[in-house]
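*Asks:* Sequence first, predicted coordinates after that:
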Amino acid sequence: MLTADAAARWQAARPFAALGAGAIIAGGLVAAAVAHHPVEHPVWMSAYLVLVVGVAQIVFGVGQAWLSGDVPGPRWSAAEWIVFNLGNLGVIIGTLCEQFALVLVGTVLFALAIALFLLATRARGGSRRGWLMAYRIVLGLVFASSLVGLALAVAGHMR
């Protein structure tokens, strides 16, 4: 039986875990569909779905639910979920349609979502301090990778 605190934390993590798992499956299906005739954008999209929309979303959502001093409220979690996934949608559609402005907007939303995840874990210490540090490092690395992706999009846009 879950404690009330554990149940609330699972409730906060559930939307991130559910969509993240779905994205991993979708990425695998895209990879399977293009395996015999790989094309750049679908191959990239498959990796993005698995690694960012899937794995990163699960890590960010479950991590914040576990590491936050207070359980993130439903409005906060919903805002993060919406901003994170709208950002990812903008990056994916912008890349597939070669629309730099959409990639830029998606990246800005994605960065905002990372800031929200960071803010949700700001007041935690104690026995989970090491996990919290690791979580924040992962947030930073994923943020940095989004800047690299944006730089690549700029380079492609300027060709």
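*Replies:* Sure thing, it's come through.
*Asks:* Please report how far Ala115 lies from Ser68.
*Replies:* Plainly put, Ala115 is 15 Å away from Ser68 if you go by Cβ to Cβ, to the nearest Å. Heads up, the C-betas are built off the backbone N, CA and C, glycines and all.
*Asks:* Those two: who's more crowded?
*Replies:* Ser68 (21 against 14; other Cβ atoms under 10 Å).
*Asks:* That one is in contact with Ala120, isn't it?
*Replies:* Yes. The pair Ser68 / Ala120 is scored as a contact, 5.2 Å apart, by Cβ atoms under 8 Å.
*Asks:* which regions of this protein lie under the pLDDT threshold?
*Replies:* Counting by pLDDT under 70, the chain shows low-confidence ranges at 123-127, 158-159.
*Asks:* contacting residues for Phe143?
*Replies:* By Cβ atoms under 8 Å, 6 or more residues apart in numbering, the contact set of Phe143 is 111, 114.
*Asks:* Let me know the helix or strand that it is in.
*Replies:* Taking DSSP states H and E as the definition, one finds Phe143 inside helix 129-157.
*Asks:* in that helix, what's buried?
*Replies:* If you call a residue buried by 16 or more other Cβ atoms under 10 Å, then helix 129-157 has these buried ones: 132, 135-136, 138-139, 142-143, 146, 149-150, 153.
*Asks:* a markdown table for those, including distance to Leu19?
*Replies:* Listed next are the buried residues of helix 129-157 as a markdown table, based on distance: Cβ to Cβ, whole Å:
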| residue | distance to Leu19 |
| --- | --- |
| Leu132 | 24 |
| Tyr135 | 19 |
| Arg136 | 22 |
| Val138 | 18 |
| Leu139 | 18 |
| Val142 | 16 |
| Phe143 | 20 |
| Ser146 | 18 |
| Gly149 | 20 |
| Leu150 | 23 |
| Ala153 | 24 |
